[in-house]
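K.L.:
Provide a 3D model corresponding to the input given below.
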Amino acid sequence: MTYESKKRILDLTVAVVLSIVFLPFWLVVPILIVLDSGFPIFFSHRRVGKGGKEFDLYKFRSMVQNADEILHSKNHELLDKFKKNDWKIAAKDDPRITRLGRFLRAFTIDEFPQIFNVFRGEMSIVGPRAYVKKELQEQTVKYPETKKYIKDILSVKPGITGPWQTSGRNEIPFKKRALIDSNYAKNRSIREDLIILAKTPKAMISKW
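P.N.:
Reported below is the predicted structural model:
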């Protein structure tokens, strides 16, 4: 059996188990989101997947409804901070995040709907970060040395969790994230996937 076949079996098995274990969240979180900030419940964002093919990544909505408009049109100071920090910004510094959204993000609950992407075959449970196309374009200009890593990163499906998430999460700058993701893609194995899965709960707890 090939690595890809084993990987798909692992993805579907873990996705089914997580869907069952976290069933209460699927029932309660949508109600809380509507009570806190109305509809929509889910948020989708275009990301770059395997082979450079873009797809819609799903999350529970943790920001106000016009979050992108606020970032790109109404708040240049926030956008500058966002780009300066390699397309990452701490929740405490982002006024777009709702009250409930801060809780969802703190416990990584907002990322649960990415299981849909796993079932659809667009993502894996373990893999590189699912990057935004514009992020890759701008960051490879800012860090030219990372261009050589992108081909490796896009040779595999992005993951809900991965090597960079278990190595420091948002605190890791893009050039280090790209190197970590590239090394994962080049040396991928089921054993490494299982190790990363085992490390993920601790990484989530360390964020609280």
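
K.L.:
Show the subsequent helix or strand relative to the helix or strand of the chain with the lowest mean pLDDT.
P.N.:
Ranked by mean pLDDT, DSSP states H and E, the weakest helix or strand in the chain is helix 76-84, scoring a mean of 65. Beyond helix 76-84 in the direction of the C-terminus, DSSP states H and E gives the next helix or strand as helix 99-106.

K.L.:
Which positions within the next helix or strand after that next one qualify as buried?
P.N.:
Tracing the chain C-terminally past helix 99-106 and defining elements by DSSP H and E, one meets helix 114-119 next. If you call a residue buried by 16 or more other CB atoms under 10 Å, then helix 114-119 has these buried ones: 114-118. No exception for glycine: its C-beta is placed from N, CA and C like everyone else's.

K.L.:
Could you do stretch 57-66 as well?
P.N.:
In terms of neighbour count (16+ other CB under 10 Å), stretch 57-66 has its buried residues at 57-63.

K.L.:
Quick one: end-to-end length of that stretch, please.
P.N.:
17 Å (CA to CA, to the nearest Å).

K.L.:
Would you pull up how far whichever helix or strand Val17 is part of lies from the middle of the chain?
P.N.:
According to DSSP H and E, Val17 maps onto helix 3-21. Relative to its parent chain, helix 3-21 has a centroid offset of 17 Å by CA atoms, centre = their mean, to the nearest Å.

K.L.:
With stretch 180-189 instead?
P.N.:
Counting by CA atoms, centre = their mean, stretch 180-189 comes out at 17 Å from the chain centroid.

K.L.:
Now do the residue of the chain most remote from its centre against Ala15, distance only.
P.N.:
In the chain, the residue that sits farthest from the middle, by CA atoms, centre = their mean, is Met1; the gap is 28.6 Å. Note on Met1: its distance to Ala15, by CB to CB, to the nearest Å, is 19 Å.

K.L.:
How about Gln114?
P.N.:
In terms of CB to CB, Gln114 sits 9 Å off from Ala15.

K.L.:
same deal with Asp68?
P.N.:
28 Å.

K.L.:
ok, now Thr200?
P.N.:
With distances taken as CB to CB, Thr200 is found 14 Å from Ala15.
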